[in-house]
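Asker: give me a model of this one.
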Amino acid sequence: MKLLPFYRVDNIFIDAYFLKNVSKPHIRILLVRANLESREVGEKLEPMPLNQVIKLLEDGYIELKNLNEKRERLDSLDYLLSSLYNPGLYFRKREAEITLSSLLRIYDLAYKQVLKKLRDSSHVNLTFASILLFNDSILINDKEDQIYTALFKSESNFKEAILSSLSG
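Answerer: Presented below is the predicted three-dimensional model:
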């Protein structure tokens, strides 16, 4: 069995292996967990250095802020042109934008919390969790992880990294 490394700060566990394989930097925050049980039996995958993990998270946060700025510029143009829209189409589009805005806000809050804890903490521990591929699902500590599974199915770089790490 392979063991996936995580950096632990308080009750936050940050993936220290696959973080670099997420193609959209702003969603790297999805590879952060809370209250993960530590496992010690198995072959440990080599973790990235902590400073590289912090840099990847900071880059993801910067991209998230850039996405928000671009979206705000498009929103203001949308309001100016709204009188030309089909009202039904306009409201469906606004509903999708509200959902996206809420999701990006959640990412923003999560990034702020994780980066603050990393900066404020004097001690970061390295811990491990088991990782297994079973029927196109990624199991972390013997339970299907929806985020890892969704990334495995949708991102070729992530999938290749998982297959490579589990086969070696």
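Asker: hmm, E40 is touching L126, no?
Answerer: No: the pair E40 / L126 is not scored as a contact, 11.6 Å apart, by C-beta atoms under 8 Å. (Each C-beta comes from the backbone N, C-alpha and C, glycine too.)
Asker: looking at those two now, which is surrounded by more residues?
Answerer: L126 (13 against 9; other C-beta atoms under 10 Å).
Asker: bridged to the more buried one, which residues?
Answerer: Taking DSSP bridges as the rule, L126 bridges to Y7.
Asker: list the contacts for it?
Answerer: 5-8, 16, 47 (C-beta atoms under 8 Å, 6 or more residues apart in numbering).
Asker: need the max-distance pair from the residues you listed.
Answerer: R8 and P47 (11.5 Å; C-beta to C-beta).
Asker: anything in contact with each of E40 and L126?
Answerer: By C-beta under 8 Å, 6+ apart, no residue touches both E40 and L126.
Asker: measure L67 to K55 for me?
Answerer: 19 Å (C-beta to C-beta, to the nearest Å).
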